[in-house]
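*Asks:* Sequence plus the predicted model coming up.
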Amino acid sequence: MEKYDIIVIGGGVVGTAVLRSLSAYKARVLLLEKASDVATGASRANSGIVHAGYDAEPGTKKAYFNVLGASMFPSLTAELHVPYKMTGSLVAARESGLPALKELLDRAEKNGVKAEILSADQVRKLEPNISTEVAYALYAPEAGVVSPYKLTIAQADHAVVNGAEIRLEEVVLDLRKEGDEFFVRTDKGEYVASYVVNAAGAGASAINAMIGEDAPEETHAVGDYYILDSQAAGVVNTVVFPLPGEKGKGILVAPTADGNVILGPTSRKVPHDEAEVNAVTPEGLALVREGVGRLIPSVDLRKVIRVYAGTRTAVGKDFIIEESTRFLRYFMLLGICSPGLTSAPAIGDCVAAAAAASLGLEKKERMLPLPPKFRLTEADSDTIRDKVSADPAFGRIVCRCEKVTEGEILAAIRSPLPAHTVDAVKRRVRAGMGRCQGGFCRPRVMEILSRELGVPLSEIRLGEKGSEIAPYEVKQNYGKI
């Protein structure tokens, strides 16, 4: 039975932010994730928006962590080499929506967020393609877009570089406290820790129930999305929202940090047992099309390359970010829905500081940096020539749509938190994220994984267990006839 100072349960953007912040201290830290990779739940399938912080109710934890987290993104993403763009955002409204925009502006001022209301002419200077029915918009210049899964993965990588451990495909079955120690039992073993952080996302209430802590009722909402090809880039320059309603911030149109355009999401309530299904519906996609038409009518849906859905979990109107009063050194992170992505870095620092104070941990003199990754599409000709000269694998294109080389795929497989599935490679280097969606490159990615992992091609998975892509041979060589 292995002993750790701190165990984090959950490998989403919040859990990995906590792990990264904890890795700055002299402690033995472990993260347990039930899926085949980090960033497979809500941290994979969301809008990737770094919210400025005008929407959150002043005085709430959402408002505090949103604003603090947003301020951290420029330096954090530079340090972790993660795609991020400070695009600004617009909340578009018709003439009748001006009072509601003024209420948002008042919230922005109370939350300390830079914002202003623009006239129709000012809006069109920023967004020439916006609907002619838009009369005003709230402009927040410090909003932005980030790659949510690349951020989650980079936080995990940086934590591992600094001594943290991550164990994937381990399902937590039981959590109990005896004396000053926590016992965490998974489907693969049992661990002991002095401190536990519950960052299990949609499963956080279930983890609470295991130990005997209050398990707040969770609500789950599925959002449908469209992704447009990079050829559609330029149809929108900022993140464009409608006026928010009862179901959330509404259907947006936004550039992504990787050069695509995203449309959505809807907000369909689902029962707990469907919280991880993540399937789009025709009705949901129709609502996205309708909402987009009211904002940016010129969006060309012939440029759609993928549809997907993501689930967000809430436990009321605010985040639950607190240490249990019933179980000392058990920290709970529940209901971290939007703006959870934006809030994650600040939440990570908060939890790490609480754990360090409780356990008397010393901070390391310095954290080891995360080395930058070579990207063919971002490198100049001299850098490419030197890289290919040193390793010819960086000169062999595997994914033609996204111009991803074999060398980049090998680096993903050999990274601090290694990629061992096709989807894990995809999230790290974008092989398969272009307009053909892996139609050409997937077989080659499978061959590289098979060779590097030393397993038969039939065992290579798309993602989770049971997702083997080619489990059977349809042709066999029986020798000469």
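*Replies:* Done, it's in.

*Asks:* which residues of the stretch 101-250 of the chain fall in helices?
*Replies:* 120-126, 148-161, 204-211 (DSSP state H, counting those that start in this stretch).

*Asks:* With residue 240 as the reference, name the closest of these.
*Replies:* Closest approach to residue 240 among the helices of the stretch 101-250 of the chain is made by helix 120-126 (9.2 Å; C-beta to C-beta). Using the backbone N, CA and C atoms, a C-beta is placed for each residue, glycine as well.

*Asks:* The helix or strand of the chain with the lowest mean pLDDT - contacts with which helices or strands?
*Replies:* Comparing every helix and strand of the chain by mean pLDDT, DSSP states H and E singles out strand 268-270 as the least confident one, with a mean of 91. Under the contact criterion of 3 or more C-beta pairs under 8 Å, 6 or more residues apart in numbering; DSSP states H and E, strand 268-270 touches strand 219-228.

*Asks:* Is it possible to get the helices of the stretch 101-250 of the chain out as JSON lines so that each row also shows distance to residue 436 and mean pLDDT?
*Replies:* As requested, the helices of the stretch 101-250 of the chain are exported to JSON lines (distance: least, C-beta to C-beta, whole Å; pLDDT from 0 to 100):
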{"stretch": "helix 120-126", "distance to residue 436": "33", "mean pLDDT": "98"}
{"stretch": "helix 148-161", "distance to residue 436": "20", "mean pLDDT": "98"}
{"stretch": "helix 204-211", "distance to residue 436": "37", "mean pLDDT": "97"}
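
*Asks:* Comparing those helices, which comes out most buried?
*Replies:* Highest mean neighbour count among the helices of the stretch 101-250 of the chain (mean count of other C-beta atoms under 10 Å): helix 148-161, with a mean of 26.

*Asks:* Show me the shaky parts of the protein.
*Replies:* 245-248, 475-481 (pLDDT under 70).

*Asks:* now what about the least confident helix or strand of the chain, what contacts it?
*Replies:* Applying C-beta atoms under 8 Å, 6 or more residues apart in numbering, the external contacts of strand 268-270 come out as 219-224, 277, 281, 284, 311.

*Asks:* tell me the angle the helix or strand just after that strand makes with strand 219-228.
*Replies:* Using DSSP states H and E, the helix or strand that directly follows strand 268-270 along the chain is helix 282-295. Orientation of helix 282-295 against strand 219-228 (axes from the mean of the first three to the mean of the last three C-alpha atoms, to 10 degrees) gives an angle of 60 degrees.

*Asks:* Show me which residues of helix 282-295 are buried.
*Replies:* Buried residues in helix 282-295, defined by neighbour count with 16 or more other C-beta atoms under 10 Å: 284-285, 287-289, 291-292, 295.

*Asks:* before we move on, the earlier item: for the least confident helix or strand of the chain, enumerate its sheet partners and note whether each is parallel or antiparallel.
*Replies:* strand 219-228 (antiparallel) (DSSP bridges).

*Asks:* mind exporting the strand it pairs with as CSV, just the C-alpha atoms?
*Replies:* Extracted in CSV, the C-alpha atoms of strand 219-228 (Å, rounded to 0.1, in the frame of the first residue of the first chain):
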residue,chain,number,x,y,z
THR,A,219,-27.6,18.9,-12.3
HIS,A,220,-26.2,18.0,-15.7
ALA,A,221,-26.6,19.9,-18.9
VAL,A,222,-25.4,18.7,-22.3
GLY,A,223,-24.3,21.3,-24.9
ASP,A,224,-24.2,20.6,-28.6
TYR,A,225,-21.4,22.2,-30.7
TYR,A,226,-20.3,22.6,-34.3
ILE,A,227,-16.7,23.1,-35.3
LEU,A,228,-15.9,24.8,-38.6
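
*Asks:* what about the helices in the stretch 301-450 of the chain?
*Replies:* 340-359, 381-390, 406-413, 422-429, 442-453.

*Asks:* so of these, which one's packed in deepest?
*Replies:* Using mean count of other C-beta under 10 Å, helix 422-429 ranks as the most buried of these, with a mean of 26.

*Asks:* what's that one packed up against?
*Replies:* helix 148-161, helix 406-413, helix 442-453.

*Asks:* For residue 143, which residues are in contact?
*Replies:* 49-52, 70, 86-89, 238-239.

*Asks:* Ok, which of the helices and strands packed on helix 422-429 comes nearest residue 254?
*Replies:* Here helix 148-161 is closest among those (C-beta to C-beta), at 12.6 Å.

*Asks:* for the closest one, packing partners?
*Replies:* Counting by 3+ C-beta pairs under 8 Å, 6+ apart, the elements that helix 148-161 packs against turn out to be helix 13-22, strand 29-33, helix 61-80, strand 165-168, helix 340-359, helix 422-429.

*Asks:* Among those, which comes closest to residue 394?
*Replies:* Across the helices and strands packed on helix 148-161, closest to residue 394 is helix 422-429 (C-beta to C-beta), at 11.8 Å.

*Asks:* and residue 66, how many residues sit next to it?
*Replies:* 28 (other C-beta atoms under 10 Å).
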